[in-house]
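**Q** sharing a model that was predicted from the sequence below.
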Amino acid sequence: AESPLVEGDRLICLPGGTNASMVALNKLTGETLWVCTGSTEKPGYASPVAFDYGGFRQIVTMMEKSVVGVRADTGKLLWRAPHVAYADETVSTPLFHDRYVFVSTLPPGSSQCLELSAVGQGINVNRAWHSLALNNHHGGVVLVDGHVYGSDLLGKWVCLELSSGRVAYKTVGVGKGSLTCADGMLYTVGEKGGTVGLVKATPEGHTVISRFRLPPGGSGPVWAHPVVCGGRLYLRHGDSVYC
């Protein structure tokens, strides 16, 4: 269920399983460039991210019961950290900043911050902290100025300090949903009813400055994440797209 990642001339995707947990294909031809066999898990739902750390370009994602880091050039498994979510719903994309990898899912894994350290030709990983304060389902989280923002399974909006896990706030906004960030503002979308709320991205509090409701057109929960691009806000509900 992940979104494939285009990384240079490679397309990264996650078949999962004993023979090919992650693979890199030539994005133009489909030729197999490498296969990661270091992890034998099924895939999760999360989309992979790429970043540089410790002299390696890494591809990081969530598998069924863990977070993994893979060398982008060879597919070698660099590190693995256990992370278990209810019904194996490891959905939201990991965040990376400085030396920290942050993930958030349903309990019992909830929010976990992993600290990476480069050792020789490898990467060590240790848990920096674990918190039950933010149990993100599938609405995603964003990082702004050292703080992580996202919605909780029960509908509260939560702000955590990345380095320590300290809870800056946990409060009501537009309800459980998804978000993005642009120009220091959070664009939050409630999955029930499609209320869109504009919130300043600050750990001092979660104040909805303005809000509106998506017009009729879609049906069911609003699950697609909002997108800001070129000065426009794009929202999807079912088969309807709004700008």
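**A** Arrived safely, thanks for sending.

**Q** which parts of this structure are helices?
**A** For the chain, helices defined by DSSP state H do not occur.

**Q** the most centrally placed residue in it and residue 152, how far apart?
**A** For the chain, the residue nearest the mean C-alpha position is residue 93 (2.0 Å; Cα atoms, centre = their mean). Distance from residue 93 to residue 152, counting by Cβ to Cβ, to the nearest Å: 17 Å. The C-beta positions use only the backbone N, C-alpha and C, and glycine is treated the same way.

**Q** please name the bridge partners of residue 143.
**A** Assessed by DSSP bridges, residue 143 has beta-bridge partners residue 148.

**Q** scratch that, residue 157 is what I was asking about
**A** Bridge pairing for residue 157 - DSSP bridges - gives residue 151, residue 171.

**Q** chain neighbours aside, what residue packs nearest to residue 26?
**A** Closest residue to residue 26 apart from its sequence neighbours, by Cβ to Cβ, 6 or more residues apart in numbering: residue 33 at 5.9 Å.

**Q** residues contacting that neighbour?
**A** Applying Cβ atoms under 8 Å, 6 or more residues apart in numbering to residue 33 gives the contacts 10, 24-26, 75.

**Q** hmm, 6 Å instead?
**A** By Cβ atoms under 6 Å, 6 or more residues apart in numbering, residue 33 lies in contact with 10, 24, 26.

**Q** are any of those residues buried, and which?
**A** Buried members of the contacts of residue 33, scored by 16 or more other Cβ atoms under 10 Å, are 10, 24.

**Q** which of the contacts of residue 33 fall in strands?
**A** Using DSSP state E, the members of those that fall within strands are 10, 24, 26.

**Q** can you pull the pLDDT of the second one?
**A** Same thing as residue 24. Residue 24 carries a pLDDT value of 97.

**Q** which residues touch it?
**A** By Cβ under 6 Å, 6+ apart, the residues touching residue 24 are 10, 12, 33-34.

**Q** mind putting those into JSON lines with distance to residue 103 and pLDDT?
**A** Output for the contacts of residue 24, formatted as JSON lines (distance: Cβ to Cβ, whole Å; pLDDT from 0 to 100):
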{"residue": "10", "distance to residue 103": "23", "pLDDT": "97"}
{"residue": "12", "distance to residue 103": "18", "pLDDT": "97"}
{"residue": "33", "distance to residue 103": "26", "pLDDT": "98"}
{"residue": "34", "distance to residue 103": "24", "pLDDT": "97"}
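
**Q** rewinding a little: now the residue nearest to residue 26: how far from residue 80?
**A** In terms of Cβ to Cβ, residue 33 sits 22 Å off from residue 80.

**Q** and residue 54, by the same measure?
**A** For residue 54, the distance to residue 80 (Cβ to Cβ) stands at 16 Å.
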